[in-house]
Structure formats: C-alpha cells, structure tokens
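Novice: next comes the sequence, and after it the predicted model I'd like to discuss.
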2 protein chains.
Amino acid sequence: MLNLTNIWKRSFSSIIKDAVKAPVKNKSDLKSPVMRVKDLLCLPKSLENSKYSINGWVTQVRKMKNLTFLSVNDGSCKDDLQIIVPQKLPSEFNVGSSVKASGALGTTPKGQIELQVSSIDLVNTCKYPEYPLISKQQHLPQYVREFLHLRTRHKPFAATMRVRHSAQKAFHTFFDKEGFFNIHTPILTSNDCEDSGEVFLTRPDSDKLLQEMQREGVTKESSYFDKKSFLTVSGQLHLEAMCLGLDKVFNFNPAFRAENSKSPCHLAEFWMIEGEIAFMDQILDLTSFVESMIKNVTKNTLNSSAADINYLIKCNEAESKEFDSKFKWIDKKFPVISYQEALNILEAHSGQIKIPVKASEGLAKNHEQFLTKHLDSPCFVAYFPKEIKPFYMKSNAEFPNLVDCFDFLVPEIGELVGGSVREFRLDALLESIPNKKDLEWYTDLRKYGSACTSGFGLGFERYLQWLLNVKNIRDVISFPRWPHNCDT
Amino acid sequence: MLNLTNIWKRSFSSIIKDAVKAPVKNKSDLKSPVMRVKDLLCLPKSLENSKYSINGWVTQVRKMKNLTFLSVNDGSCKDDLQIIVPQKLPSEFNVGSSVKASGALGTTPKGQIELQVSSIDLVNTCKYPEYPLISKQQHLPQYVREFLHLRTRHKPFAATMRVRHSAQKAFHTFFDKEGFFNIHTPILTSNDCEDSGEVFLTRPDSDKLLQEMQREGVTKESSYFDKKSFLTVSGQLHLEAMCLGLDKVFNFNPAFRAENSKSPCHLAEFWMIEGEIAFMDQILDLTSFVESMIKNVTKNTLNSSAADINYLIKCNEAESKEFDSKFKWIDKKFPVISYQEALNILEAHSGQIKIPVKASEGLAKNHEQFLTKHLDSPCFVAYFPKEIKPFYMKSNAEFPNLVDCFDFLVPEIGELVGGSVREFRLDALLESIPNKKDLEWYTDLRKYGSACTSGFGLGFERYLQWLLNVKNIRDVISFPRWPHNCDT
C-alpha cells in the first residue's frame, strides 16, 4: 500500500519520496468507511474532507508530473468516481486494474464529488493492452459477446444487469403485493407441456450409476427416474396444480427449448414468469391483470433504474428516441383486438407485409410487428382458432372453434406474453389432451373440486429487450446459451 | 347459482322453495367485492352486514334442517371462513368442492367473522369419498406425498408453501437492500464446478436435430452445443465472473445432483442461494455477513409468517417446542470454531458419537449435529484442510495447509451454508485447478484486474427444513425430484 496520508497538506514535490520512504499503514485511514461509488457520488458537499474508502476498477488513467487522475468504477452505477493520487503511479495501475483507495472527499471544479487519495492499494494489475474491453473504445455487441466472462466490466452490459435486477425485483414485489405465492415449479419433468418436441432430454452422466439404478422394464438411459426426463418448457401445468389450493401463484424460472435457432429473440435457456389465478374464467379479466402487471412493473423499474435505462436506450438506438416518447403507452389503455380483427388489418395492408397472412397459421413475427406499429401501441390479440393452440386452452362459450386466449404484442419484439383461460371441465380436457397417460395427474386435478383458472407466461429476456431497445436477446442475460454456444 | 338474496329477512321454512323457484341473479350481489379469506377474517366488526364475495374450497360441511354451515379455505391463510347458507345444500357441495359465495359479513357467537350467504355457486364438486386429502383426518407426510399434485389442499403443505414464498422474498429483499445484483447464472453448463461427477447430462431429445447440427469432430450426442453439457451443480464460478465488475452479486437458482440418495436432506433438484462479494478477503468478514443474512431473513420471515410458522412447528414436532425457545439464537452471536477445535470437541466426546471422527475425512452429518447440540447454537466451523476442499478455496496466509473457508451448521440439519475466500492469484489457482482447459475462462478472470472475492452457497430447502422442523426435504418443495421419482 502506498501511504499518502497528510500529503495533501504538503507540497506535491515531496510526494513520491515520502510515499516510498514511509509505507506505514495509517489505521484510521484504513478504517474509514468503505463506500460504493454510487453512494459516494451522492454525498452532500458538506461532508468535504471526510474520510472514505472505495474499491473498484480503473477505467481511465491520466498521469501528470506529480499527480495521477484515476477514474474508478465498482459496478454500482454507470458513473465513475474520479480519484486524485498525489504522485505519478507505477504502470501497474493501469486501465482494467483493481484498486482499494482511501482519502478525503473533495469536489472537482465542475462541482462533482471526487476522492483525494491518502492511501491506495493495487489489488491486481491488468494484462494490458491484451485486455479486450478497454472502456474508452466503442465496442459492438457481437464483439463484447466474445468475452462473456468479462462483460460486467463493459458499461452497457453492467447497466443491463442492474436493470435486470431491478425488473426482477419489480416482478417479485408486484406479485407479492397482489397476494400471489411464489412457486418453484420443477425443471426436471417427465412430461412436455406444449408437446412441441423441442425438449432437452436429461440423464445422469455416470454410466455406473445408471447401471446400478436400473430396474426391470426400464431402459438404462431412463433408470434414474424410471422414465425419460426432460428440461421444462413451461411450469404452467404444475402451477395450475398449486393454484388449485393456493388461489394465486407465480413462478420465475428458467425454461428450455432445444431449437436450432439463430434468431435474436430466442435462447436455448431463458427465464419465464408465469402466473395462475384460480376462479378467473374471463379472458378480459386476464388481459386487464397482465396490462396492470406490465405497467406497474415498468413504472417501478423506470423509477429505480432511470439513469441506467436512459443511458441504455441511448446506447442501443441508432436514432436516439426520447425516454418519454418510448414510454408514452404507460398511461394509455392497451387495445384488445380479436384474432379475426388482426387478420382483417393485415389483409387490408397486405402490400406492407412480407409474408402473406393465413388464418390457419397464426401470426408471424413480422405480422406482430406490423400490428403494434399500426395500432401505435402494445396490444392484445385474443380468441385464436382452437386448432392452432395447445390442448389446455378453454373453448369460447359462444364460438367453440375459438379459444379464450391472448397473445400480448409489443413493438419490435412481437409476442411478449401468452395467456389463456384453462379448460377445467374434465370431459372437454380429455377430448383435447394428446398424452393422457403422462398427464394423468393433471386431468386428475379436475376430479377434486377443481376450479377454472387463468394464467399467462412472459419471457423475461424479451421484456428486457423491449424495455432497453436491445436487438439481440443474448445481450440481456448473463451467460446466454444458443446453438453451438455453451463454452463459458 | 342459488340465489338466496333477502332470504335472511324471511323465515327459514320458505328458503328452499324460494331458492329453487327464483334463480334470478341479483347483480348487486354479484358485484360485491371478491375478498380473500385472509383479508375477510381481519375486517372490523363495524363492517357487519356489508356485502362481500369469496371463492374457495370446502373443508367442512355441517348440515342442519334448514341451514348449512360450510368451512371454506382459499389458500390465503391457514384459517377457514365459516359461511352459513340458509338451506340444506345438495350433496354436490361436499368436502373438497369449490364454491363462489356472496353475502353479508356477520360474526359467530365467539366473535369470529363469518359470511351469511345470499348466493352461492358450486364451481366444481369433488369425487368423494375418493378425495384423498380430507382435511379432518390426520395424514402422515409420506401419505400426503403420494398426491404431489393435490398437496396445496393439505393445510400444513399450503402453509409451508406460504412460508417458502415469504422466505424467498426475505432473501431477495435482504440482498437488494445490501446493494447486491441478482444474476441468473446458467443452468446448462459445459463444466462441473465441484468436479464431483454427480452431474446430469443433457441433450436435445430429437435425434433428427442432433444429426442436422452435427459438426466434424463432435459426437452426435454433443452436437447441440458442440460439447457435453450438464445441469449446473452451483452457479459460483459464473457468479465470480459477474462479481468482478458488479462488486456484489447473488443468485437464487435451481441446482442438480445425480446421486442415488434416499436421505431426507437431499434432492436431485433443489434451490440454492449463492452470494459473491468482491474485495472481501477475510473469512471472518464473510461469516459475519452470512450471520447477519440468516438473522435478518429469519426475522423478516417470522414477522410476515408468524401464524403459519407457529402452526407448522406444532404440526411437525412431536414434543411441541415453544416458538421463542426455538429461535433463542436469533439475538446471540454465532460461535466460530476452527476445524481443529471441532475435531477436539468430537474426540473428547467420542463416546457420544456413532462414527469416529477422522481429520482427513471432514465432518459427517452426525458430527455436525453433535457440534450444534454441544455448543447449543448454530455455529461456523472454519479453516478446513486444503486436501478435502475444492480447488477454488484460498490457502490460509499463516497455515498454507488450511483454506479460508467455513461450513455453517444448524441443529438437526447439519451443513446449511458453505463459503470461502476464493483463490484469486493466478499461479496458485493454476496449481490446484483440475480441469484447466474447460475452465480457461475462469482462470482468465485473474488476468484482467481481478480482485479477491468471497462467497457462499445456501441450500434453500434445508433452510426451510430448519425453520419449520420439517423432517423430510421433499415436504418443503412443490414437486420434489428424487431417485425413481419424477412422475408428477
């Protein structure tokens, strides 16, 4: 540790000599409270000269003859703290290195908080210029993505992770206030909710264990659970079971799709928020609930992360949109249109749409994007044909060929939330269910005081993409998994 | 819907006739606010005669000549609401059935809130007496566990899920207040943090997809990610990467172990809370942090779930312990002893311990249980021999054969938390790391302004077992997975 105590009271010319001569630790300095940059930058100027410590990473170095200015960031906010060291520091104090510093609070000529350092420790230097994320340079997202393990040192990504934290907190808080109970629905499951076929299969890696555990009539591969086990694609069915007793439940869980997709809106592993509400049998009650959730969570996230969100929207959008205009929807009612109305709109504007629309094929992403643009708002599309939707959706009472469901579409992203009233009548369910035997427990629910439930699933990463104008979904999750990529 | 409006003002003798004759919906009744039982039971008596609606499941039926008493529960709390229906209800309104009811607030002779029903809907009847969880009967946990999909209808399990919700919220809130950022560390990973070999392997179920995606030099099995991919056993290494930039991070994630274990303390899939703090290099700073976390989270969970926790402790313990005596540790300092001290204690009491203790084998559960009993407190055991601990733990500066780590032990359960200072010096790490090539990204972290970090992992289900005196870990998670069990 370079001890620079009292140096500020002396001439700068004696600084280096003293520092080298007297590396005695000053305990009172060492015990000065360790602050995070975010909190330090907010201290009132009246605390000038008070002693504080900080830890962080050097983002800039400017060396003068007898003085070094370091910019230091500790990940607590996007802004750096300027620290002034009254000597020319050795070259190991370089961009990317980590330091511990103590000193007195001061202010820059522009009135910003800075730290006038009286002791500084080099925690670790940085292999330079090999360090790939030098902060003064502009880095493209695909370049940054090559260094998944170092991404938090890249300011836009660190800001994204902070917003992700705030948004997850806002979802948890919202559900808690609304009286929902959090359920950790299982990841390993012997059934495939959507019956999509795009599932990951799993088994113990140890052949010895598989052999030991094998039972008659079970393949060795399946011997751990006595049946094939998959990674969940949705916790919905399990959430329904918990809902029939706890009334309002939600999860916030990883989900998996084994697709060979290079799309900027798909991951092999992503996080989903699913909610299920008992005794709710009207699809428009569910759209109202989802609308209030989206608005409430977004308002709270904007409140707690305004600086980061504003910064990211500017980073991510070529033509920088204003914060306010991006969120103009937040106090307006979201339109609800029927699938048929959506088709009518798309057909009336067929010239502006790449892929022609077909009633029996649902909406393509391109169609979804057009609809939100046309309506100039996020919107719900409700009442899809039964034949293109999963077995668990309830037939509409008036139009039995339609189901009481919705897709919630947002600009650029397309579908963000999908939801439905669930078929709770045993007979109707048995008619539509594809894998009766595997899902006997699910149909069994209908025998014992079942209730109609309604629920939805929201892709958390897509929500963040929408919120922050992030083009590629891989840039809003800590360690993205996509085809051929699971190295880090 | 049986409409019973105004029936309370008339003689009971005319009730059934009227109800059957005039099933007209009274809209004002239907629009009375839907309350949850928990909230309704707390309403002040001054609101007597106000109109409310509730939804829920029937837990008891008592039929009088012209009157039916139903107990109704909606999962919002352990207590039932008594509703009085001014007629003898049909047999479909049975135990386990679900109902919607509206009426006026009243009070029982004992002063408890009840609902005097003016209209009641049978949502769904219950196949009875097949219904396995009739609430008047005492059911053993292993019996209840046969009906995983119906367990929320069993009061102790529903209470457990509510406490689980409160505890997860308390953890999230604690970390947020302490300035930590939540990181969803990946589930799919190409490396095995603990190198334990007890991992689940995963691959797409579709053979066609695997074939399509296969590249030269890669087995078909591994073609999705170009390498073997496992389910995570711990997010620690990824958390460290995020920590080196964001300073304080935590996860709350599922983790997996492919063990053939019938132990009441192990699951194949469980939830872990891991925290990582940059610039922390003293193990006693970490034990202090974990101690404050345990106490803070437990106090908050006790605050928000006192009724459920008290109820569950009484349900789960044969000799009912008092709430206060169970939590007497909450305001006392947890002792920290060294591994050597732990061995000394165990050797001095060898007569009372089943398995003899061996320095090179670590502590067995039996030893852990003895230590907490002997010290009459949860406790930290610190500084284990390097050879029995994983590669990433930092050697102690004074005693290089020991590592700066701890196990946190609690009564009955044994190890609840494990933590350590991480080895952040590249040379020392390269010496101890077993799988250099797979973990190149991890050792790479040490090149670019690394910092010492310290962190820990807590098994969430074990925490709940300890909090609630639950003997079997399968009873504190919604859908437990253990060998040969993944049906529901």
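Specialist: Done, it's in. Numbers count the residues shown, from 1 in each chain, chains lettered A, B, ... in the order given.
Novice: ok, stretch A:247-266 near chain B or not?
Specialist: Yes: judged by CB under 8 Å from any CB of the partner chain, stretch A:247-266 comes into contact with chain B at A:247, A:253, A:254, A:256, A:258, A:260. Quick note: C-beta positions are derived from backbone N, CA and C, even for glycine.
Novice: show me what contacts the fourth one?
Specialist: Meaning residue A:256. Counting by CB atoms under 8 Å, 6 or more residues apart in numbering or on different chains, residue A:256 touches A:199, A:200, A:231, A:232, A:233, A:268, A:269, A:270, B:187, B:188.
Novice: isn't the fifth one right next to residue A:198, touching?
Specialist: Yes: applying CB atoms under 8 Å as the test, residue A:233 and residue A:198 come out as touching, 7.3 Å apart.
Novice: still on that earlier bit, just the contacts of residue A:256: which are in strands?
Specialist: The strands, defined by DSSP state E, take in A:200, A:231, A:269, A:270, B:188 from the contacts of residue A:256.
Novice: is the residue in the stretch 201-350 of chain A positioned nearest to chain B in a helix, a strand, or coil?
Specialist: Closest to chain B within the stretch 201-350 of chain A is residue A:245: 2.9 Å, counting by CB to the nearest CB. Secondary structure assignment for residue A:245 (DSSP: H, G, I helix; E, B strand; the rest coil): helix.
Novice: residue A:364 and residue A:349, how far apart?
Specialist: Noted for residue A:364: a distance of 14 Å to residue A:349, by CB to CB, to the nearest Å.
Novice: what about these two, which has more around it?
Specialist: Neighbours per residue (other CB atoms under 10 Å in any protein chain shown) separate residue A:364 from residue A:349, with residue A:364 holding more: 17 against 14.
Novice: OK, contacts around the closest residue to the more buried one other than its chain neighbours?
Specialist: Ranked by CB to CB, 6 or more residues apart in numbering or on different chains and with sequence neighbours excluded, the top spatial neighbour of residue A:364 is residue A:355, at 5.2 Å. Residues counted as contacts of residue A:355 (CB under 8 Å, 6+ apart) are A:364, A:366, A:367.
Novice: just checking, residue A:355 is part of a helix?
Specialist: No: using three-state DSSP, the secondary structure at residue A:355 is coil, not a helix.
Novice: SS state for the nearest residue to residue A:484 once chain neighbours are set aside?
Specialist: Closest residue to residue A:484 apart from its sequence neighbours, by CB to CB, 6+ apart: residue B:226 at 5.0 Å. Secondary structure, three-state DSSP: residue B:226 is coil.
Novice: filter the contacts of residue A:256 to the buried ones?
Specialist: Buried residues within these, counting neighbours by 16 or more other CB atoms under 10 Å in any protein chain shown: A:199, A:200, A:231, A:232, A:233, A:268, A:269, A:270, B:187, B:188.
Novice: ok, the nearest residue to the first one once chain neighbours are set aside to residue A:203 distance?
Specialist: Using CB to CB, 6+ apart and skipping the chain neighbours, the partner closest in space to residue A:199 is residue A:230 (4.3 Å). Shown here: residue A:230 relative to residue A:203, a distance of 11 Å by CB to CB.
Novice: pass me the low-pLDDT residue ranges in chain A, would you?
Specialist: A:1-30, A:192-196, A:318-323 (pLDDT under 70).
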